[in-house]
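[1] Dropping the sequence and predicted coords here.
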Amino acid sequence: MHNFTVLFLVMLSLSVLVRFWLNQRHIAHIQAHRAEVPEAFKDKISLEEHQKAADYTTTKNKFSRWPGLYDTALLLVWTLGGGLTWLDSNIQSLGLSPILTGIVVILALMLISSLLDLPFTAYSTFVIEEKFGFNNTTLKTFIIDLFKGAALSLMLGVPLIFVVLWLMEQAGELWWLYTWLVWMAFNLLIAWAYPIWIAPVFNKFTPLEEGETLTRITSLLEKCGFSSNGIFVIDGSKRSSHGNAYFSGFGRNKRIVFYDTLLKTLDDDELEAVLAHELGHFKHKHIVKSIALSFAISLLGLALLAWLMNQPWFFTALGVQNSSTYMALILFSMVLPVFTFLMHPVMTLLSRKNEFEADAFAAEQSDAGNLIRALVNLYKENANTLTPDPLHSAFYDSHPPAPVRIAHLSNQ
C-alpha cells in the first residue's frame, strides 16, 4: 500500500471520527439544556419554543450522520474501489477526444452523485422540515427546481469545464495560472449576473412597496453611502417558512433582498437593524476580503494540483489506473476536503470576527436593542437552538452562538 493511500485513509478516518464526536457532543449538550430556557432569553422565548428548537436541531443532526457515512463510503467506492476507473474506461470506449471524454466523465459523475444524493435531500425536505412546520415545497416545485438546477449547471458548467480542460492540455506549465484567471473571471461574472439572471429562475422578486418600511431603509442606505439596484422581496415562503435577508451582486447589479417571511416576522425597527448589520459587512469590506481570500486559496490549490498531476502515485494511490488531466481534476476535488477538514475552525473564527464587527456597526447606525429583538425573533421563527455545544459551534458555525452574540450586543 502506497504511503499516500495510508495518509488518505488516516485523514478520512480522522475526519469521520471528529464529525461523529462533535455531532454526539452537540446532541448531548442540547438535550441536557432542553428542560430550561437560558436565563438571557427567559422573558423572550417560551419553553415550548425552546424545546422545539432543541428537537429540530437534534433531529437534523441525527439524520446528518447517514449522509455523512454515505459520502464517506461513496468516496471510497469512487477512488480505492475502482469506481472512477470503471466510469472512465466505459466513456473512453466511445472514442471521443480527450477533452470531450473529460467533459462527459465529469458530467456523468455529477449526474450519478446527484441522483444518489436525491433521497437524502427529499427526506430532509419532506420529512424533517415538514415535521417541524417549515416546509412549503410541493413535489412539483421540488422536481422543477431539480430540472432548473440541472439546466443551469449544464449551461454554466460545460463551457467552464471545456476551458479548464483545454488549458490543462494546451497551455503549458503555467496552465494553473491561466486557469486561476479564468476561475476568477467566472466567479465575478456569476456574482454580477446572479441577482438579475440566475436567482429569478427559481424565485419571484418584487420591488418593496412604497411606505414607511421603504422610506426607512432608503434613508439608512443613504446614511451609510450604499447604492443598490433596488430593494426586493423574494417569495421565500413558496419553499420554506424560514426567514432571511441578503445582498447579492456587485457594481450596478447590487440588490438588497428580503424574504417575504422575514417581513412578516420583524417590525420596521428590527428590519432596519438587520439591514444595518448587513451594511456593516459592506462597510468593513468583508465580502471583498472573503472573495480575495477565496481567490488566494484557489491559486494555491491549482498550483498544488499542477504538481500532483505530474506524480504517477497521485493516481495509483487513489485507485485510478489511467492518468489524465480530467482525472487529476476529479481526484483533487474529491480528496481535498479530506485534508482541509481540520481548517474549519480557522474559517469559522474569521467569519465570527466579521459578524461581531457587523453587529457593532449595526448598533452604531441603528440600535443594539432593535437588533437583539430581531435576532431573538429570528432564532424563534427559524427554531435555531440557543444552547449549541461550544466545540461543535466553534468548529462549524459561521455566526456566534445566540447567548454570546446577544451578550456582546448588550455591551455595545
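    Right, received. Where do you want to start? Numbers count the residues shown, from 1 in each chain.
[2] Alpha carbons of the host helix or strand of L220, as CSV, please.
    Applying DSSP states H and E as the criterion places L220 in helix 212-224. The C-alpha trace of helix 212-224 is given here as CSV (Å, rounded to 0.1, in the frame of the first residue of the first chain):
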residue,chain,number,x,y,z
GLU,A,212,-42.7,53.6,5.9
THR,A,213,-40.5,50.5,5.6
LEU,A,214,-39.1,51.5,2.2
THR,A,215,-38.6,55.1,3.4
ARG,A,216,-36.6,54.0,6.5
ILE,A,217,-34.5,51.5,4.5
THR,A,218,-33.7,54.1,1.8
SER,A,219,-32.7,56.6,4.5
LEU,A,220,-30.4,54.1,6.1
LEU,A,221,-28.8,53.2,2.8
GLU,A,222,-28.1,56.9,2.0
LYS,A,223,-26.7,57.4,5.5
CYS,A,224,-24.3,54.5,5.1
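[3] Name the spans of this structure whose pLDDT lies under the cut-off.
    Scanning the chain for pLDDT under 70 picks out 251-252.
[4] buried residues in the helix or strand where Q51 lies?
    Using DSSP H and E, Q51 sits within helix 47-78. Buried residues in helix 47-78, defined by neighbour count with 16 or more other CB atoms under 10 Å: 49-50, 52-58, 60-61, 67, 71-72, 74-75, 78. (Each C-beta comes from the backbone N, C-alpha and C, glycine too.)
[5] what does stretch 54-72 rub up against?
    12, 16, 19-20, 23, 26-27, 30-31, 33-34, 116-117, 120, 123-124, 128, 131-132, 383-385, 387-388 (CB atoms under 8 Å, 6 or more residues apart in numbering).
[6] now do stretch 186-193
    Taking CB under 8 Å, 6+ apart as the rule, stretch 186-193 contacts 156, 160, 198, 248-251, 253, 291, 294-295.
[7] and it, which residues are buried?
    Buried-residue list, stretch 186-193, by 16+ other CB under 10 Å: 191-192.
[8] Residue numbering should commence at 48 henceforth.
    Done: numbering now begins at 48, and the last item shifts to stretch 233-240.
[9] Put the alpha carbons of it into CSV.
    Extracted C-alpha coordinates of stretch 233-240, given in CSV (Å, rounded to 0.1, in the frame of the first residue of the first chain):
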residue,chain,number,x,y,z
PHE,A,233,-16.1,33.2,-14.0
ASN,A,234,-16.9,33.7,-10.3
LEU,A,235,-17.1,37.5,-10.7
LEU,A,236,-19.3,37.1,-13.7
ILE,A,237,-21.6,34.8,-11.8
ALA,A,238,-21.7,37.2,-8.8
TRP,A,239,-22.6,40.0,-11.2
ALA,A,240,-25.2,38.0,-13.1
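[10] which among the contacts of stretch 233-240 end up buried?
    Buried members of the contacts of stretch 233-240, scored by 16+ other CB under 10 Å, are 295-296, 300, 338, 342.
[11] want to throw those residues into JSON lines with secondary structure?
    Shown next, in JSON lines, are the buried ones among the contacts of stretch 233-240 (DSSP: H, G, I helix; E, B strand; the rest coil):
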{"residue": "S295", "secondary structure": "strand"}
{"residue": "G296", "secondary structure": "coil"}
{"residue": "N300", "secondary structure": "helix"}
{"residue": "I338", "secondary structure": "helix"}
{"residue": "F342", "secondary structure": "helix"}
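[12] so which of those residues comes closest to L186?
    Among the buried ones among the contacts of stretch 233-240, S295 lies closest to L186 (CB to CB), at 28.1 Å.
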